[in-house]
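> Fold the following for me, if possible:
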Amino acid sequence: MEKNRTVNTAGLSARNNNGLPAGNSGGIAGNNGSPRGSGGSPAGGGGQHPDYQKELLELLRSGMSPKVLKEKLRNYHENDIAAALEQLNREERARLYCLLDAQTLSDVLEYTDDFSRYFSELGVRKQSEILSYLETDTAMEYLKKLNKTERATLIDLMDDETKREIALLGSFDEDEIGSRMSTNYIRIQTGISVRQAMRELVDQAAENDNVSTIYVTDADQTFYGAIDLKDLIIARDTTKLEDIIATSYPYVYAQEQTEECIERLRDYSEDSIPVLDNENRLIGVITSQDIVELVDEVMGEDYAKLAGLSSEEDMQEPIGKSVRKRLPWLVILLGLGMVVSSVVGLFEGIVAQLTILVSFQSLVLDMAGNVGTQSLAVTIRVLMDEQITGRQKLALIGKETRIGSLNGIVLAAASFLLIGAYIILFKGKTPGFAFAVSACIGIALLVSMTLSSVAGTAIPIAFKKLKIDPAVASGPLITTVNDLVAAVSYYGLAWLLLIRFLGL
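As a prediction, this is how the structure comes out:
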């Protein structure tokens, strides 16, 4: 059964049977039976894009017979029908579902923003047919949201081939790349001619439209290589098939962890990458669209972890579930914050003697936190590369330390001048006192920013070495470490320079 296209055609306009915009030959007919607009140009004229959504709404509410409506709906792109679907009421949607065949309706629903809502309005048999036309991994994603009874009912109504594909993807854990693969690909065997390969391509393209790369296996399905569609098309009949097969083509194993192989997959610009089982047999492919989605998911999860969340949230997630995700880390951060407060409390005597120091505490702590977060973000990104060596990690620590120090020097000099002038002008202090305090603040900035850069780089590297996800543990811990470093640096230097050395 043919699967949906994997390319994103959301930006395309409506089309007719000749591939032209619907307004050219398939818009809503006027009284004379011709499409709207004059001279065969798209409706609206004057270079304006026709409003297909408005046309579809008028068409569906026109009272035409089902046969006529079916014919006219063929002239519109599935994305335009999906946009109109959201403007229809439940009764109008039910009529539309009856007008579209299962394959077209599956395309339409994939373009909607709420697949589950519209899918649930269909009968069980039509639901089963639509799932059969979806990419297997997409169908699996929806089936996992259902309870066991509903899932078993839908699978039982599917054809045998789809059942086998569903069972294959369901045999892999969610964090294994095999759970995200597609069975929509073209496969040929070694030992055939170019003409035979073209015939196989044409035969299989009726069921599988992912045709840009043709995969080659031997008699027992062991992966041998791949052929670019262009190379096959331009090959002469006298060309040996072996001469156009790329035998060094990239591949992944189905049981590989998604996060471990995603970086490797990004290095290739292929339309799809073959997925093999443990016996090196070809069982599926990962398309470029799948790779983009996987990268987006991984980055979203890492971003959530850096914020102290257990997983990425979305707009539809219930408030209670979001609270349960965030609360554990907030409790941990509360405990760590109390540790920082206790350390700051050790310097009460210094604050009592120089109360002006409290005014600039947040400045030092915030700058240290900002620098540490910058270094953390860079380090997490670098650590996504599993091939990075120990020498490269040390080089990264050194580089981030130098960057933190140089930024600290610049900001320390600026703070010395600006804060000194501020204390003289607005606090009414003597120049000697003002610039002594501003010098202490400047040095504290330099020290805390340098140490925060080291912490923001070294801590995630250490967690990675200990097999702990650095994105999960580094964010909350570095926040606390940076606060501790900044507080100790600031008040420690104030005690040493201002009280012990200068006697202020």
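
> Strands along the stretch 151-300 of the chain, start to end?
186-189, 213-217, 223-228, 252-253, 272-276, 282-287 (DSSP state E, counting those that start in this stretch).

> Which among those is found nearest to Gln127?
For those, proximity to Gln127 was assessed by CB to CB; strand 282-287 is nearest, at 23.8 Å. In this view, the C-beta of every residue, glycine as well, is placed from N, C-alpha and C.

> Next, the angle strand 223-228 makes with that closest one.
40 degrees (axes from the mean of the first three to the mean of the last three CA atoms, to 10 degrees).

> tell me which element the closest residue in space to Phe347 that isn't next to it in sequence falls in.
Nearest non-adjacent residue to Phe347, counting by CB to CB, 6 or more residues apart in numbering: Tyr491, 3.8 Å away. Assigned by DSSP states H and E, Tyr491 falls within helix 470-493.

> that older thread, with mean pLDDT added, can I get the strands of the stretch 151-300 of the chain in TSV?
Listed next are those as TSV, based on pLDDT from 0 to 100:
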stretch	mean pLDDT
strand 186-189	94
strand 213-217	96
strand 223-228	96
strand 252-253	94
strand 272-276	94
strand 282-287	93
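
> Tell me which of those strands sits nearest to Leu157.
Using CB to CB, the strands of the stretch 151-300 of the chain put strand 282-287 closest to Leu157, at 23.2 Å.

> elements contacting the closest one?
With contacts taken as 3 or more CB pairs under 8 Å, 6 or more residues apart in numbering; DSSP states H and E, strand 282-287 sits against strand 213-217, strand 272-276.

> And the contacts of the last one?
Outside of strand 272-276, the residues within contact range by CB atoms under 8 Å, 6 or more residues apart in numbering are 177-178, 181-182, 185, 210, 212-213, 215, 223, 226, 249-254, 265, 282-288, 291.

> Neighbours of Val454, how many?
19 (other CB atoms under 10 Å).

> give the contact list for it.
Ile397, Glu400, Thr401, Gly404.

> Out of the residues you listed, which sit inside strands?
The subset of those located in strands under the criterion DSSP state E is empty.

> Identify the residue spatially nearest to Ile291, adjacent ones excluded.
With CB to CB, 6+ apart, the residue lying closest to Ile291 is Leu265, at 5.1 Å.

> picking that back up, now do the contacts for the residue nearest to Phe347.
So Tyr491 contacts Val344, Phe347, Ile350, Val351, Leu357 (CB under 8 Å, 6+ apart).

> so the second one touches Leu496, yeah?
It stands for Phe347. No: taking contacts as CB atoms under 8 Å, Phe347 lies outside contact range of Leu496: 11.7 Å.

> Between those two, which has more neighbouring residues?
Phe347 (18 against 13).

> so how far is Lys427 from the more buried one?
21 Å (CB to CB, to the nearest Å).

> Now rank the contacts of Tyr491 by neighbours and give me the top one.
Leu357 (21 neighbours).

> if we can go back for a sec, adding distance to Ala436 as columns, could you present the helices and strands packed on strand 282-287 in CSV?
What follows is the helices and strands packed on strand 282-287, written out as CSV (distance: least, CB to CB, whole Å):
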stretch, distance to Ala436
strand 213-217, 71
strand 272-276, 64
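
> which one of those strands has the most crowded surroundings?
strand 272-276 (a mean of 24; mean count of other CB atoms under 10 Å).

> Mark which of the contacts of strand 272-276 are buried, thanks.
Applying 16 or more other CB atoms under 10 Å to the contacts of strand 272-276, the neighbour count classes 177-178, 181-182, 185, 210, 212-213, 215, 223, 226, 249, 251-252, 254, 265, 282-288, 291 as buried.

> Would you mind giving the contacts of Tyr491 as JSON lines with pLDDT added?
Putting the contacts of Tyr491 into JSON lines (pLDDT from 0 to 100) gives the following:
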{"residue": "Val344", "pLDDT": "85"}
{"residue": "Phe347", "pLDDT": "90"}
{"residue": "Ile350", "pLDDT": "90"}
{"residue": "Val351", "pLDDT": "90"}
{"residue": "Leu357", "pLDDT": "92"}
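
> Sitting in helices, which of the residues you listed do you find?
Assignment to helices by DSSP state H places the following of the contacts of Tyr491 there: Val344, Ile350, Val351.

> Including distance to Ser128, could those go into a markdown table?
Output for the ones in helices among the contacts of Tyr491, formatted as a markdown table (distance: CB to CB, whole Å):
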| residue | distance to Ser128 |
| --- | --- |
| Val344 | 64 |
| Ile350 | 74 |
| Val351 | 71 |
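
> wait, which of those is closest to Met367?
Val344 (16.5 Å).

> which residues does the closest one contact?
Ala487, Tyr491.

> Look up how far Ala197 lies from it.
For Val344 relative to Ala197 (CB to CB), the value is 74 Å.

> For the lengthiest helix in the chain, give the mean pLDDT please.
Secondary structure of the chain per DSSP H: the longest helix is helix 390-427. Average pLDDT, helix 390-427: 95.

> ok, now stretch 198-207?
On average, stretch 198-207 scores 91.

> Same check on stretch 333-342?
86.

> How about exporting it as PDB, limited to the C-alpha atoms?
Provided in PDB are the C-alpha atoms of stretch 333-342 (Å, rounded to 0.1, in the frame of the first residue of the first chain):
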ATOM      1  CA  LEU A 333      17.800  24.200  43.800                       C
ATOM      2  CA  LEU A 334      16.100  25.400  47.000                       C
ATOM      3  CA  GLY A 335      18.500  23.200  49.000                       C
ATOM      4  CA  LEU A 336      21.500  24.400  47.000                       C
ATOM      5  CA  GLY A 337      20.400  28.000  47.400                       C
ATOM      6  CA  MET A 338      20.300  27.600  51.200                       C
ATOM      7  CA  VAL A 339      23.900  26.400  51.000                       C
ATOM      8  CA  VAL A 340      24.800  29.600  49.100                       C
ATOM      9  CA  SER A 341      22.900  31.700  51.700                       C
ATOM     10  CA  SER A 342      24.700  30.000  54.500                       C
END
